[in-house]
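Colleague: A structural model of the following input is requested.
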Amino acid sequence: MHRYARLVRASAWYDLLVTAPFATPWTYALAHRALSAASGALGLGELPPPEPMQTLFANLMGSVVLVWALLRLLRPQPVHGLFDGVARVLFACWQGWALGQGATGLLWGFLVVEAAFGAAQLWPRRRAADRPAPAAG
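Modeller: Residues are numbered from 1 along each chain as shown. You can find the predicted model right below:
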C-alpha cells in the first residue's frame, strides 16, 4: 500500500479509537468519567459536569468522526487525507482556543496529535504544489 494511504488509514484508526466513546450518551458518560479522572490525577484541571447539550454535541461529533474514519479506513484516497488534514488543523485551532479559555490541560495531548496528523497529511500536498508542471508538448 502506498505510504500516504497508510498515513490516511493510521489517522482513521486513531479517530476510531479516540472518538468511538463519544458516539453514544452511554459511552460518553464512561469516557467523561475516565477523562475527568485522568485530568484530576495529572493535575490538569476539571472537566465540567456533563449536561444534555454537551452530551448531544459530543455524540454528534463522535458519530460524524466515526463515519469519516470508516470511510478513510475503507477507501484511503489522497483527497480524503487532504480534507482530513484541513479538518485536523481546524480541530487543533479550536482546541487551542479552548485551552486559552481555561479548558483542562488534558487537551494538549489531543492537540499535539491533531496538529501532527494534520501536518503529515497536508505536507505532501504542499510538496506536490511546489513541483513545476510538466512542459506541454
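
Colleague: which other helices and strands contact the lowest-mean-pLDDT helix or strand in the chain?
Modeller: Lowest by mean pLDDT, DSSP states H and E among the helices and strands of the chain is helix 107-130, with a mean of 85. Counting contacts by 3 or more Cβ pairs under 8 Å, 6 or more residues apart in numbering; DSSP states H and E, the secondary-structure elements packed against helix 107-130 are helix 3-19, helix 78-100. For the C-beta atoms, the positions are set from N, CA and C on the backbone; glycine is no exception.

Colleague: So which of the ones you listed is nearest Val65?
Modeller: helix 3-19 (4.2 Å; Cβ to Cβ).

Colleague: which residues are in contact with the closest one?
Modeller: For helix 3-19, the surrounding residues in contact (Cβ atoms under 8 Å, 6 or more residues apart in numbering) are 1, 61-62, 65-66, 68-73, 76-78, 80-81, 84, 88, 110, 113, 117, 120-121, 124.

Colleague: Could you turn the buried ones of the residues you listed into a PyMOL selection?
Modeller: Applied in PyMOL, the following selects the buried portion of the contacts of helix 3-19 according to 16 or more other Cβ atoms under 10 Å:
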select buried, resi 62+65+66+68+69+72+73+76+80+81+84+88+113+117+120+121+124
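
Colleague: so how far is stretch 67-83 off the chain centroid?
Modeller: Computed by Cα atoms, centre = their mean, to the nearest Å, the chain-centroid distance of stretch 67-83 equals 13 Å.

Colleague: next one: stretch 88-98
Modeller: Going by Cα atoms, centre = their mean, the spacing between the C-alpha centre of stretch 88-98 and its chain's C-alpha centre is 10 Å.
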